[in-house]
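**Q** Sharing a model prediction with you, sequence too.
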Amino acid sequence: MIILKLKYLINFYKSKLLKRKCKKLFENKKIEFDKIISKKKFSNKWFLNNIDLFNFFLPSDKKKNFNYLEIGCFEGLSSFYVLSEYENVNAFLLDIWETPDKNSELSKINFSLVEKAFDENLSGFDFIKMKGDSVNSMKKLFVQNEKFDFIYIDGSHNGEDILSDAIESFKILKDNGLIFFDDFLQHDNQRNIQSYEGIGKFLDLYSKYLSIEYFQNSLVVKKNNNWRDGRAV
């Protein structure tokens with residue numbers, strides 16, 4: 001982790017300043033949203049840590065039409081925010097809604113209840129729900145020629161899974177589109193490959209085809225126009 005931070009030290013400190021700016025700009029927005037979700041079935045509020053960045057990087061025009069993919073929806077808190085803020089968003093919401101593996105820290109969670117809460121929380125919104133493995137699902141989206149302006153990756157935090165999700169996401173990301181990775185500067189002794197190791201490999205492989213827009217515990221990258229249909233040009 002330290003090596004990765006040092007490698008992107010300038011990005012890290014620039015993003016630290018941006019983080020402070022966003023916190024001031026959108027503090028009231030976070031308070032308002034917290035009141036709204038108190039009436040919903042959310043057992044946690046992890047997403048509130050990212051709401052400032054979503055406000056900064058998502059379109060300022062709330063009526064703008066754009067394509068949004070979310071990988072790892074859980075009870076739908078971040079999904080609820082995007083759908084409630086943007087009436088014209090074309091949202092694809094993807095989750096496996098089952099225990100990732102027997103050694104996962106989430107193994108004690110009843111995912112059938114989590115999925116039920118997701119369905120109830122997002123009742124009344126228009127979106128496409130995708131249940132299944134993230135890589136296989138994104139491969140299908142690639143074949144269907146679906147392209148996205150914004151992809152939020154908050155699924156498995158195992159390094160190899162994040163690398164796979166990042167690669168498949170990049171293939172279906174539009175030019176100048178953004179990928180938002182959550183909680184990647186973490187260390188978990190139960191993981192063979194850490195989140196930041198998977199992200200580090202992704203950044204090495206795709207450095208010519210992206211720019212780093214934000215680098216703290218979350219990472220935001222933008223795709224440039226040197227990539228076409230899964231092939232470098």
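**A** Arrived safely.
**Q** Check the secondary structure at K129 for me.
**A** strand (DSSP: H, G, I helix; E, B strand; the rest coil).
**Q** can I assume it is in contact with L93?
**A** Yes - K129 lies in contact with L93 (CB atoms under 8 Å); the separation is 5.5 Å. (Glycine included, C-beta is placed from N, CA and C.)
**Q** More neighbours: which of the two?
**A** The neighbour comparison of K129 against L93 (other CB atoms under 10 Å) goes to L93, with 24 against 17.
**Q** could you say what helices and strands the helix or strand harbouring F170 packs with?
**A** Using DSSP states H and E, F170 maps to helix 159-171. On a contact count with 3 or more CB pairs under 8 Å, 6 or more residues apart in numbering; DSSP states H and E, helix 159-171 meets strand 67-71, helix 134-143, strand 148-153, strand 173-181, helix 195-206.
**Q** now do 10 Å
**A** The criterion is 3 or more CB pairs under 10 Å, 6 or more residues apart in numbering; DSSP states H and E, and the helices and strands that helix 159-171 contacts are strand 67-71, helix 134-143, strand 148-153, strand 173-181, helix 195-206, strand 219-223.
**Q** Please dump the ones you listed into TSV; it should also carry mean neighbour count, mean pLDDT and distance to N88 for every row.
**A** Listed next are the helices and strands packed on helix 159-171 as TSV, based on neighbours: other CB atoms under 10 Å; pLDDT from 0 to 100; distance: least, CB to CB, whole Å:
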stretch	mean neighbour count	mean pLDDT	distance to N88
strand 67-71	24	98	11
helix 134-143	16	96	20
strand 148-153	24	98	12
strand 173-181	20	97	16
helix 195-206	20	94	30
strand 219-223	22	97	22
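**Q** For Y8, which of the ones you listed is the nearest?
**A** Y8 lies closest, by CB to CB, to one member of these: helix 195-206, at 7.8 Å.
**Q** list the helices and strands that closest one packs on?
**A** Helix 195-206 sits against helix 2-7, helix 159-171, strand 173-181, strand 210-215, strand 219-223, with contacts defined as 3+ CB pairs under 10 Å, 6+ apart.
**Q** how distant is the longest one from the center of its chain?
**A** So that's helix 159-171. Distance of helix 159-171 from the chain centroid (CA atoms, centre = their mean, to the nearest Å) equals 11 Å.
**Q** again, but for the fourth one
**A** Averaged C-alpha coordinates place strand 210-215 at 14 Å from its chain's average position (CA atoms, centre = their mean).
**Q** and it, average pLDDT?
**A** Average pLDDT, strand 210-215: 97.
**Q** which parts of that strand are buried?
**A** For strand 210-215, burial by neighbour count (16 or more other CB atoms under 10 Å) applies to L210, I212, E213, Y214, F215.
**Q** how close does the first one sit to S123?
**A** L210 sits 36 Å away from S123 when distances are taken as CB to CB, to the nearest Å.
**Q** now do I167
**A** For I167, the distance to S123 (CB to CB) stands at 33 Å.
**Q** Neighbour count for the two, which is higher?
**A** Set I167 next to S123 and count neighbours by other CB under 10 Å: I167 wins out with 17 against 8.
**Q** Run through the residues that contact the residue nearest to the spatial centre of the chain.
**A** Central residue of the chain (CA atoms, centre = their mean): Y152, 2.0 Å from the mean position. Residues near Y152 by CB atoms under 10 Å, 6 or more residues apart in numbering: 47, 50, 54, 58, 68-73, 78-79, 82, 93, 169, 178-182, 218, 220.
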